[in-house]
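Q: what follows is a protein structure lacking sequence information:
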């Protein structure tokens, strides 16, 4: 089955994960069984540290603090799923509760 990266963009909360409303956290945790019910499979999932801990390497080798893009949303986490097609991967992305951001679904390049 093809694989799709599902990237979760959100505004960072001052208290990080501790500030995520309980109903949003519960909805995130409930997504796993729903994905399996759809006949898809989570291959890998990962939450990320705050953007302030990031470093960006620019062309020429200069290193700067933080994420590269000037944006209110940062990648809060991502996971990779095996799904039948892009439509099913988008349906999986729609399972995720978004407080103030977006979810991006992108096919993984097969090499």
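A: Noted; the coordinates are in hand. In this text, all values refer to a predicted model and were calculated from it rather than measured experimentally.

Q: please name the nearest non-neighbouring residue to residue 11.
A: residue 100 (4.8 Å; Cβ to Cβ, 6 or more residues apart in numbering). Glycine gets a C-beta too; all of them are placed from N, C-alpha and C.

Q: ok, that neighbour - how many residues close by?
A: Using other Cβ atoms under 10 Å, residue 100 is surrounded by 10 other residues.

Q: and it, what's its pLDDT?
A: In this model, residue 100 is scored at 84, pLDDT.

Q: now do the helices in this protein.
A: Per DSSP state H, the chain carries helices over the ranges 22-37, 86-93.

Q: so where's the chain uncertain?
A: Low-confidence segments of the chain, defined by pLDDT under 70, span residues 67-71.

Q: pick the most deeply packed of the helices of the chain.
A: Scoring these by mean neighbour count under mean count of other Cβ atoms under 10 Å gives helix 86-93 as the most buried, with a mean of 18.

Q: on that earlier part again, wait, the residue nearest to residue 11 touches residue 8, no?
A: No: here residue 100 does not reach residue 8: they are 11.6 Å apart, not a contact under Cβ atoms under 8 Å.

Q: for this structure, which segments count as strands?
A: Remark: strands assigned in the chain by DSSP state E are 3-11, 41-47, 55-57, 63-65, 73-82, 102-107.

Q: using JSON lines, please lay out these together with distance to residue 26 and mean neighbour count.
A: Rendered in JSON lines, the data for these read as follows (distance: least, Cβ to Cβ, whole Å; neighbours: other Cβ atoms under 10 Å):
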{"stretch": "strand 3-11", "distance to residue 26": "16", "mean neighbour count": "19"}
{"stretch": "strand 41-47", "distance to residue 26": "16", "mean neighbour count": "12"}
{"stretch": "strand 55-57", "distance to residue 26": "33", "mean neighbour count": "11"}
{"stretch": "strand 63-65", "distance to residue 26": "34", "mean neighbour count": "10"}
{"stretch": "strand 73-82", "distance to residue 26": "16", "mean neighbour count": "19"}
{"stretch": "strand 102-107", "distance to residue 26": "17", "mean neighbour count": "14"}
